[in-house]
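Asks: what follows is a protein structure lacking sequence information:
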């Protein structure tokens with residue numbers, strides 16, 4: 001006598017696992033460069049020519065501050081002129097400005113604080129958002145919210161390299177950028193303190209050189225900065 005085999009339930013279909021998003025290309029570019037040149041200028045043409053001068057000096061990552069007149073047009077020009085380099089917008093304080101910067105072609109955005117709306121909008125985006133932090137609590141909050149890179153700001157007034165080292169120790173896996181008051185000569189010491197990169201403002205875009213539109217001088221400072229960074233490997 002044949003006995004019918006028990007009807008086994010079909011295995012429930014498993015939800016397809018999503019591959020983790022690839023990190024934004026700007027993240028790799030910043031970690032490779034070790035220098036983010038931060039530019040602010042009194043007008044768009046000065047900003048454009050200063051950025052070109054920094055590129056001629058060897059800089060490969062430039063942040064143009066949002067308050068610079070014509071910042072979006074400058075970003076568009078730089079993306080067209082140097083498609084292999086990395087350009088972003090800094091001091092982005094709200095989601096509306098973030099959207100304008102991204103439309104102009106910004107590959108990364110940077111804030112002095114943490115704007116959660118920007119972070120949420122850029123989740124799984126190719127655009128990198130660098131949050132500003134200062135305390136361990138802020139670092140934890142940024143990390144838990146999904147930050148891939150944070151900016152320690154203002155670092156020099158908090159103790160410079162010593163503060164950078166103390167803040168980095170509990171978070172060895174989260175890359176940090178040191179920002180504010182950093183000179184070309186201190187790049188190496190910040191790297192040794194745990195910074196993955198530094199933001200250089202006056203050290204490249206010196207106020208007097210910007211005011212005098214001395215672009216040859218800016219190229220020279222950019223060259224010095226990139227040379228120091230290349231010799232400061234960790």
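Replies: Nice, I can see it. Computed from a predicted structure; not experimentally measured.
Asks: so what's residue 65 closest to, chain neighbours aside?
Replies: Leaving aside its chain neighbours, residue 65 sits nearest to residue 40 (4.1 Å; criterion: CB to CB, 6 or more residues apart in numbering). (Glycine included, C-beta is placed from N, CA and C.)
Asks: oops, could you answer that again for residue 180 instead?
Replies: Spatial nearest neighbour of residue 180, excluding adjacent residues (CB to CB, 6+ apart): residue 154 at 3.7 Å.
Asks: one more: residue 179?
Replies: Spatial nearest neighbour of residue 179, chain neighbours left out: residue 199 (3.8 Å); criterion: CB to CB, 6+ apart.
Asks: that neighbour belongs to a strand?
Replies: Yes - assessed by DSSP: H, G, I helix; E, B strand; the rest coil, residue 199 belongs to a strand.
Asks: any idea how far it lies from residue 86?
Replies: Using CB to CB, to the nearest Å, residue 199 is found at 14 Å from residue 86.
Asks: mind checking the SS state of the most centrally placed residue in the chain?
Replies: For the chain, the residue nearest the mean C-alpha position is residue 130 (5.1 Å; CA atoms, centre = their mean). Three-state call for residue 130 (three-state DSSP): strand.
Asks: re earlier: surely the residue nearest to residue 179 is in contact with residue 177?
Replies: Yes - between residue 199 and residue 177 a contact is recorded at 6.0 Å, counting by CB atoms under 8 Å.
Asks: list residues touching both of those two?
Replies: Common contacts of residue 199 and residue 177, defined by CB atoms under 8 Å, 6 or more residues apart in numbering, comprise 36, 151.
Asks: find the nearest non-adjacent residue to residue 166, please.
Replies: In space, residue 166 comes closest to residue 159 once its chain neighbours are excluded; the distance is 7.8 Å by CB to CB, 6+ apart.
Asks: go on, residue 156?
Replies: Residue 156's closest residue in space is residue 181 (CB to CB, 6+ apart), at 3.1 Å.
Asks: contacts only, for the one you found.
Replies: Per CB under 8 Å, 6+ apart, neighbours of residue 181: 154, 155, 156, 157, 160.
Asks: local confidence estimate at it?
Replies: Here the pLDDT value assigned to residue 181 is 96.
Asks: same check on residue 189?
Replies: Looking at residue 189, its pLDDT is 97.
Asks: how about the secondary structure of it?
Replies: Quick answer, by three-state DSSP: residue 189 is helix.
Asks: tell me which residues touch residue 227, please.
Replies: Residue 227 makes contacts with residue 58, as judged by CB under 8 Å, 6+ apart.
Asks: what about it, which SS state?
Replies: Following three-state DSSP, we place residue 227 in the helix state.
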